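The following block contains a protein sequence and its predicted model.
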Amino acid sequence: SEGRFIGVNSDQRFSLQSVVKLISAAAMLDRIDNSDWTLRDPVEVRREDLSLFVQPLEAQVTTHGVYRTDLA
């Protein structure tokens, strides 16, 4: 019914972790739809783009300083 709230661990905060992939993908597709970006354009990830948690691209970024989708 309206006005009621039910939650599990709702008093705790959680990081976005993998959920942010959905947000990032939606933002990129919106930019592709509304600008001159294409799916073939390279994406660049720099050290400052990495979070504090485990990153699959961390070794590539750390070794080369940057990871680009067109160079992989």
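Yep, that arrived. Numbers count the residues shown, from 1 in each chain.

and the residue most central in space within the chain, how far is that from Gly7?
In the chain, the centroid-proximal residue (Cα atoms, centre = their mean) is Lys21; its distance is 4.1 Å. The gap separating Lys21 from Gly7 is 24 Å, by Cβ to Cβ, to the nearest Å. Backbone N, C-alpha and C define where each C-beta goes, glycine included.

Skip the chain neighbours and tell me the closest residue to Gln60.
Nearest non-adjacent residue to Gln60, counting by Cβ to Cβ, 6 or more residues apart in numbering: Tyr67, 4.4 Å away.

which ones are touching that neighbour?
Residues near Tyr67 by Cβ atoms under 8 Å, 6 or more residues apart in numbering: Glu44, Val45, Leu57, Gln60, Val61.

how about the helices in the chain?
Remark: helices assigned in the chain by DSSP state H are 20-34, 58-64.

most tightly surrounded among the ones you listed?
Most buried of the helices of the chain, by mean neighbour count (mean count of other Cβ atoms under 10 Å): helix 58-64, with a mean of 13.
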